[in-house]
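>>> Just the structure for this:
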Amino acid sequence: MDAVAALAGAATDSFVPLRARLQHLEDENAALKRELAESRKGAIRFAGVYSRALEYREGDAVSFQGSLWICVAVCINQLPSETPSCWVLAVKNGSLR
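Numbers count the residues shown, from 1 in each chain. As a prediction, the model looks like this:
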């Protein structure tokens, strides 16, 4: 029985460095996730053609009636051309001559 206990203790001891390394990697991953989230603040993301069915968040850019609009607040079912509290015009529709 002593040999079994010694073997079990040795096996448990061998996991200590692995647990420490795993904790270090988890901490590093959490820090990188926070850094990534911080770097995305203020970024503009193209979200395609405007759709009333979608929810848009700050920084989403959509095309609507030939113009490019940037979302400045969380918006659902708010037309860009009619809701200045949600949208700002970035590029006005124009025609080539």
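
>>> Give the buried residues for the strand or helix carrying Val4.
Assigned by DSSP states H and E, Val4 falls within helix 2-40. Judged by neighbour count (16 or more other Cβ atoms under 10 Å), helix 2-40 contains no buried residues. (Glycine included, C-beta is placed from N, CA and C.)

>>> counting contacts, what elements does that helix pack onto?
With contacts taken as 3 or more Cβ pairs under 8 Å, 6 or more residues apart in numbering; DSSP states H and E, helix 2-40 sits against no other helix or strand.

>>> how much distance is there from that helix to the middle of the chain?
Relative to the centre of its chain, helix 2-40 is centred 26 Å away, using Cα atoms, centre = their mean, to the nearest Å.

>>> following that helix, which helix or strand shows up next?
Per DSSP H and E, the first helix or strand lying C-terminal to helix 2-40 is strand 45-49.

>>> For that next one, give the mean pLDDT please.
Averaging pLDDT along strand 45-49 gives 96.

>>> Direction included, what does it pair against?
Strand 45-49 sits in its sheet next to strand 60-64 (parallel), going by DSSP bridges.

>>> what is the mean pLDDT for the strand it pairs with?
Mean predicted confidence for strand 60-64 is 96.

>>> Then stretch 71-80?
Taken as a whole, stretch 71-80 has a mean pLDDT of 94.

>>> Pull the residues that contact that stretch.
When contacts are defined by Cβ atoms under 8 Å, 6 or more residues apart in numbering, stretch 71-80 is touched by residues 47, 50, 52-62, 64, 67, 69, 83, 85-89.
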